[in-house]
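**Q** build me a model from this:
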Amino acid sequence: MIGIHVLLDLYGIDPPKLNDCGLLADCLSESALRCGLTPLSAPQLHAFDGGGVTGVILLSESHIALHTYPEHGFIAIDLFSCGPGDPEAAVKVFRERLNPAHEVVTRTSRGTEIG
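**A** So this is what the prediction gives:
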């Protein structure tokens, strides 16, 4: 196995949080550090006219990306790690900071056919 891919769908989030680039950048940075991954630079975010944010933090071990949909109270988060970090710690950061009403977490092993 090469790594773990975690897809995190969070629902029922207060829409202003999903347009707050400062909060979302902090979530990306804090989640990387708390799960023991190595940021290569500061998070990069883009806020869209009319609402919504896309963002990413590149890691030595891969990436954490997010896309927000304030009109639906929804954020999609994608964490791929090929290192020894703990992706569950990253999930906790987003849970704590965004306070979703409901979540769906999908975990997938990547590179399982590599010997």
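**Q** and the pLDDT for the residue most central in space within the chain?
**A** Against the mean C-alpha coordinate of the chain, by C-alpha atoms, centre = their mean, the closest residue is residue 77 at 3.9 Å. Residue 77 carries a pLDDT score of 98 in this model.
**Q** just give me the neighbour total for the nearest residue to residue 2 once chain neighbours are set aside.
**A** Spatial nearest neighbour of residue 2, chain neighbours left out: residue 111 (2.7 Å); criterion: C-beta to C-beta, 6 or more residues apart in numbering. To be clear about C-beta, it is placed using only N, CA and C from the backbone, and glycine gets the same treatment. By other C-beta atoms under 10 Å, the residues close to residue 111 number 11.
**Q** next, residue 111: phi, psi?
**A** Backbone torsions of residue 111, given as degrees, to the nearest 10, read phi 70, psi 30.
**Q** show me what contacts it?
**A** Contacts for residue 111 (C-beta atoms under 8 Å, 6 or more residues apart in numbering) come out as 1, 2, 3, 82.
**Q** filter these down to the ones in helices?
**A** Residues of those located in helices (DSSP state H): none.
**Q** as CSV, these with distance to residue 71 and neighbour count would be great.
**A** Formatted as CSV, the contacts of residue 111 follow (distance: C-beta to C-beta, whole Å; neighbours: other C-beta atoms under 10 Å):
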residue, distance to residue 71, neighbour count
1, 38, 10
2, 36, 14
3, 33, 17
82, 34, 17
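**Q** go ahead and confirm residue 59 touches residue 36.
**A** No: using C-beta atoms under 8 Å, residue 59 is not in contact with residue 36, being 10.4 Å away.
**Q** any shared contact partners between those two?
**A** residue 83.
**Q** residue ranges of the strands in the protein, please?
**A** Along the chain, the segments classed as strands by DSSP state E run 3-11, 44-47, 53-59, 62-69, 74-81, 102-110.
**Q** for the third one, packing partners?
**A** Which is strand 53-59. For strand 53-59, the contact count by 3 or more C-beta pairs under 8 Å, 6 or more residues apart in numbering; DSSP states H and E identifies helix 21-34, strand 44-47, strand 62-69 as packing neighbours.
**Q** list the buried residues of it.
**A** 53, 55, 56, 57, 58, 59 (16 or more other C-beta atoms under 10 Å).
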